[in-house]
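S.K.: predicted model and sequence below, questions to follow.
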Amino acid sequence: MSTEFRAKVEALRPYLLRYAALELRNPESAEDCVQEALLAALSAEASFEGRSNLRTWLTGILKHKIVDAIRRASRERPVDDVEEDTADLDARFDETGHWRERPRPWQDPDAALHQKQFLAALESCLAGLPARTAQVFMLREHLGLETAEICKELGLTATNCWVLLYRARLLLRECLEKSWFRR
Amino acid sequence: MNLSCKEASRLMSQAEDRSLSPAERAALTLHLGVCKACRAAADQIQQLRRALRSLFDQPK
């Protein structure tokens, strides 16, 4: 293994740690995953040859390690019924099914994507989600897994998955509205 | 099928995760056509998706 390759891989550790922490919400498991990914990467230098982007390649390896870790953790902690209960979400609507607080369009949301402070606000909203909700949402929207795959990995029913994703979307839009778009 | 905002919001989220039936899709389209609040919410669900995908794609 070349020293140069090792140094380049090591330099990406902080980025990978931030990435894993956001998915796993547990600094120790994030450390473990990154460590596993880095070891796998270092022993597979040859398979990186010719690829242009080291970060993309490493992130790909890390994603597999993250899914493995989540799968292991969800075997140890089965889902409880509370997570399928939608009373908290239903409370956003009145008895006729209308929004209690009507959503209004966000000003220039695409410009926000290029602002560091917006991404920080988004990260802090994500950190405020219930753990399982955040995990399913990140697997879906950030890692881009299919819903069927997520259900299978986490041992959830499809309905349970949809409820968790619905909760994540409603809570995040509310949080961003408060912390960013209506500051 | 006339949807309430509560039902429409649930369907617009599920539309991101599964194929809606033709009847569900038609009902949602109809509702979004007349409901500004739900249109805003539906746009925001898309914006959230873009935001999440770009969270780590920014060149440093």
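M.R.: Looks like it arrived, so ask away.
S.K.: quick check: the residue of chain A nearest chain B.
M.R.: Of all residues in chain A, A:Gly97 sits closest to chain B, at 2.5 Å by C-beta to the nearest C-beta. Placement of C-beta: from N, CA and C, glycine included.
S.K.: for that residue, helix, strand, or coil?
M.R.: Under DSSP: H, G, I helix; E, B strand; the rest coil, A:Gly97 falls in the coil class.
S.K.: grab the nearest non-local neighbour of it.
M.R.: Excluding the flanking residues, the one nearest A:Gly97 by C-beta to C-beta, 6 or more residues apart in numbering or on different chains is B:Ser4, at 2.5 Å.
S.K.: so how far is A:Ser43 from A:Arg51?
M.R.: Shown here: A:Arg51 relative to A:Ser43, a distance of 16 Å by C-beta to C-beta, to the nearest Å.
S.K.: counting neighbours, what do you get for whichever residue of chain B sits closest to chain A?
M.R.: When you check chain B against chain A by C-beta to the nearest C-beta, the closest residue turns out to be B:Ser4, at 2.5 Å. With neighbours defined by other C-beta atoms under 10 Å in any protein chain shown, the count for B:Ser4 comes to 17.
S.K.: outline the domain layout of chain A.
M.R.: As assigned by automatic domain parsing, chain A contains the domains A:3-76, A:81-181.
S.K.: the first one and chain B, are they touching?
M.R.: If I follow you right, that is domain A:3-76. Yes - under the criterion of C-beta under 8 Å from any C-beta of the partner chain, domain A:3-76 makes contact with chain B via A:15, A:19, A:22, A:59.
S.K.: lovely, talk soon.
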